[in-house]
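Asker: how does the following fold in three dimensions:
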Amino acid sequence: KLSRAGVIIVSGMARGIDSAAHRGALKGIAPTAAVFGTAIDVCYPAANATLMRDILQNGALISEYPPGCRTDRRSFPRRNRIMSGLSLGTVVIEADLKSGSLITANYALDQGREVFAVPGNVGSPYSAGTNDLIKNGARVVTDALDIALELNLHVENLKEPRAKKI
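Answerer: Residues are numbered from 1 along each chain as shown. Predicted coordinates:
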């Protein structure tokens, strides 16, 4: 929905929600940007090679590491500062208490950006991070419209058509 309204989606092309965010963005009108934790010539995860090519057609591939550069697991948390720095806000969909998404949220706060979190089941460890963000002041988001309104973005393309009364 955000991409349909012209919002550029920035994510890390990781498995799961990151990949889903890019795929959703590719269905919209705005480009998407993938920030790598590897050298620019390395697709990680390798299973995302098609997604990487699709992003290259309608977006940007970004890395602070030159071609051929060796990276390690510390490279991925470091790249999160670039993702948050390029963005007006960071949305955390699902996170346990040790999630890399929380690293991005902390960078966003340090950079003066908005942090949004989708509330989750209080008994689920996969929601503990998002629920903790909310307890500590993150904006609750349940729809793209929540984000657009908070960031004062044009929202016409996000409003759902009203159902006709029968």
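
Asker: quick check: phi and psi on the residue nearest the centre of the chain?
Answerer: The structure's the chain has its C-alpha centroid closest to residue 11; by Cα atoms, centre = their mean the separation is 4.2 Å. The phi and psi values for residue 11, taken as degrees, to the nearest 10, are phi -150, psi -170.

Asker: from here on, call the first residue 25.
Answerer: Sure thing, new numbering starts at 25, so read that last one as residue 35.

Asker: which residues touch it?
Answerer: 41, 42, 45, 46, 56, 57, 58, 59, 107 (Cβ atoms under 8 Å, 6 or more residues apart in numbering). No exception for glycine: its C-beta is placed from N, CA and C like everyone else's.

Asker: try residue 149
Answerer: Contacts for residue 149 (Cβ under 8 Å, 6+ apart) come out as 120, 121.

Asker: likewise residue 128?
Answerer: 104, 107, 108, 114, 116.

Asker: could you redo the last one with a cut-off of 7 Å?
Answerer: Each residue near residue 128 by Cβ atoms under 7 Å, 6 or more residues apart in numbering is listed here: 104, 107, 108, 114.

Asker: which SSE is the closest residue to it other than its chain neighbours in?
Answerer: With sequence-adjacent residues excluded and distances taken as Cβ to Cβ, 6 or more residues apart in numbering, residue 128 is closest to residue 104, at 4.0 Å. Assessed by DSSP states H and E, residue 104 sits inside helix 99-109.

Asker: show me what that helix is packed against.
Answerer: strand 56-59, helix 124-134 (3 or more Cβ pairs under 7 Å, 6 or more residues apart in numbering; DSSP states H and E).

Asker: sounds good, over and out.
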